[in-house]
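>>> Just the structure for this:
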Amino acid sequence: MNKIVVAPDSFKGSLSASEAVDLCRNAISEVFPAAEIVGLPLADGGEGTVEVLRNSFGGNIIELEVEGPLGENIVARYLLSSDCRDAVMEMAQAAGLCLLLPDKRNPLLTSTYGVGEMILDAIGRGCRKIFMGIGGSATNDCGMGMLRALGFRFLDKNGNELLGRGKDLECVDKIDSQYVDPKIKDVEFVVACDVDNPLVGERGASFVFAPQKGADHDTVLRLENGMRNFAGVVKNELGKDVAEMPGAGAAGGLGAAFAAFLGARLQSGIDMVLDAVGFDKKIKGADLILTGEGSVDRQSLMGKVLSGVLKRAKNQNIPVVAVSGQVKDSEELNRAGFAAVFPIESGSVSLETAMSKSYASANLVRTIRQILNLLKNIR
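Numbering: from 1, shown residues only. Take a look at the predicted model:
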């Protein structure tokens, strides 16, 4: 083989995308020492996006103290370009599910306020374009917390200001925009969204995503009613109909907030990253693309890294092989176009052992080496 592209997502809990690329590169060099190896660590707009784009473009990591999803003080990180004009952020840094232990998850109480604080910090440094990944949220507040940090005020029927948590959605009656930072209107927002769910309904934010954030049945119904109320107020006051907008339900309604209040462009997270790293150009002439992530199944075909890689590879007739710690629905993945899908697990071990960095690294290298040995011997 003359050219092999390595383009994985992270193996969450075990290996970053960059670490996976380096391990695969070493394995490829053993079997095909003369091959050109193109390493492209990837992410889909969620966890790892900042790291991936920093590897491609450089820039500086900014750390600041913000409010976490339950109002606690945490340190969030984002990427600021060297000229301070562009920023890459992950909302999960300030309001992610990963920040809360399972017994603390409650979408009635969580807020995206810290996301707004990150945005204000970047704008204060001169930033005029923000790429925001909105995967992995712990919130279901329709972005009210974020908007409140930016200066928007949400009032109940008595004129009292609401804090912008999930439980406040049902109380919103008026929107006051007079205190919004005027610099906001000069900022372009590009939002990486890997789902097309609307804000309300059976496929909406509350019914589909709130249960994984700690909501029981009654809480889901309360949040759904609140979101319908919020969407009605937004339509009446801003003239924006977000209830059925594709992607509006992402991150507990944060997609709707970005679109209606900040004029954001919602797009596929993986497409945003692939375009940013120049994927189509870099894979030209490749004999093979190796991709992977921690767990692969039919959901990997729904706007995730593997689906984006496969779609772009098909356009250039390049075969794609995926590897993963766990593989399900392999026949469906084959029908979608993957040449092959391989689990890297070598035997029955505890989850803790399987996800340890040393164990996952050894299994990944072994699997890649075996795949390439096969290809080398049947050429």
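
>>> where along this protein do the helices fall?
With DSSP state H as the criterion, the chain has helices at 17-31, 49-57, 92-95, 113-124, 144-149, 205-209, 217-238, 250-262, 269-276, 279-282, 305-315, 330-336, 351-354, 357-378.

>>> Just the CA trace of the fifth one, in PDB.
Written as PDB, here are the backbone C-alpha positions of helix 144-149 (Å, rounded to 0.1, in the frame of the first residue of the first chain):
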ATOM      1  CA  MET A 144     -31.700  30.300  28.900                       C
ATOM      2  CA  GLY A 145     -28.700  30.100  31.200                       C
ATOM      3  CA  MET A 146     -26.300  30.900  28.400                       C
ATOM      4  CA  LEU A 147     -28.500  33.700  27.200                       C
ATOM      5  CA  ARG A 148     -28.800  35.200  30.700                       C
ATOM      6  CA  ALA A 149     -25.000  35.300  31.000                       C
END
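
>>> Kindly provide the distance from the residue nearest to V323 when sequence neighbours are not counted to V5.
Spatial nearest neighbour of V323, excluding adjacent residues (C-beta to C-beta, 6 or more residues apart in numbering): G292 at 4.1 Å. All C-beta spots, glycine's among them, are computed from the backbone N, C-alpha and C. As for G292, its distance to V5 is 12 Å (criterion: C-beta to C-beta, to the nearest Å).

>>> now swap in Q316 and tell me
Noted for Q316: a distance of 10 Å to V5, by C-beta to C-beta.

>>> Equivalent analysis for V88, please.
23 Å.

>>> The two: which is more packed in?
Neighbours were tallied for V88 and for V5 using other C-beta atoms under 10 Å; the higher tally belongs to V88 (28 against 25).

>>> Next, the contact list for the residue nearest to that one when sequence neighbours are not counted, please.
If the residues on either side of it in the chain are set aside, V88 comes closest to L79, at 4.2 Å by C-beta to C-beta, 6+ apart. When contacts are counted by C-beta atoms under 8 Å, 6 or more residues apart in numbering, L79 touches V50, L53, R54, G59, N60, I61, I62, A87, V88, M89.

>>> what do you get if the cut-off is 6 Å, keeping everything else the same?
By C-beta atoms under 6 Å, 6 or more residues apart in numbering, the contact set of L79 is V50, R54, G59, V88.

>>> Output those in JSON lines, with pLDDT and distance to G232 appended to each entry.
JSON lines is the format used below for these (pLDDT from 0 to 100; distance: C-beta to C-beta, whole Å):
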{"residue": "V50", "pLDDT": "89", "distance to G232": "35"}
{"residue": "R54", "pLDDT": "87", "distance to G232": "41"}
{"residue": "G59", "pLDDT": "92", "distance to G232": "41"}
{"residue": "V88", "pLDDT": "94", "distance to G232": "34"}
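
>>> With distance to A231 as new columns, can those be given to me in CSV?
Converted to CSV, the contacts of L79 look like this (distance: C-beta to C-beta, whole Å):
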residue, distance to A231
V50, 31
R54, 36
G59, 36
V88, 29
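
>>> Can you say which two of those are spatially most distant?
Using C-beta to C-beta, the pair of these lying farthest apart is V50 and G59, separated by 9.3 Å.

>>> out of the helices of the chain, which comes closest to F189?
If you check each of the helices of the chain against F189 by C-beta to C-beta, helix 250-262 wins as the nearest, at 5.0 Å.

>>> Check which helices and strands that closest one sits against.
For helix 250-262, the elements it packs on are strand 188-192, judged by 3 or more C-beta pairs under 6 Å, 6 or more residues apart in numbering; DSSP states H and E.

>>> May I see the buried residues of the strand it packs on?
For strand 188-192, the neighbour count (16 or more other C-beta atoms under 10 Å) marks F189, V190, V191, A192 as buried.

>>> For M245, see how far away the nearest residue to the last one once chain neighbours are set aside is.
The shortest distance from A192 to any non-neighbouring residue, by C-beta to C-beta, 6+ apart, is to G45 (2.7 Å). The spacing between G45 and M245, counted by C-beta to C-beta, is 18 Å.

>>> more neighbours, these two?
G45 (31 against 19).

>>> pretty sure the more buried one contacts Q267?
No: the pair G45 / Q267 is not scored as a contact, 8.9 Å apart, by C-beta atoms under 6 Å.

>>> low-scoring pLDDT stretches of this structure, where are they?
Along the chain, the parts satisfying pLDDT under 70 run over 347, 379.

>>> which one is the residue nearest the centre of the chain nearest to, not counting chain neighbours?
Here the mean C-alpha position of the chain is nearest to the C-alpha of G46 (C-alpha atoms, centre = their mean), at a distance of 1.9 Å. The shortest distance from G46 to any residue other than its chain neighbours is 2.8 Å, reached at G135 (C-beta to C-beta, 6+ apart).

>>> That neighbour and A43 touch, don't they?
No: here G135 does not reach A43: they are 8.9 Å apart, not a contact under C-beta under 6 Å.

>>> surely the residue nearest to V323 meets S324?
Yes: between G292 and S324 there is a contact under C-beta under 6 Å: 5.3 Å.

>>> More neighbours: which of these two?
When G292 is set against S324 and neighbours are counted by other C-beta under 10 Å, the residue ahead is G292, at 31 against 26.

>>> which residues touch that one?
Shown here is G292, whose contacts under the criterion C-beta under 6 Å, 6+ apart are P8, A322, V323, S324.
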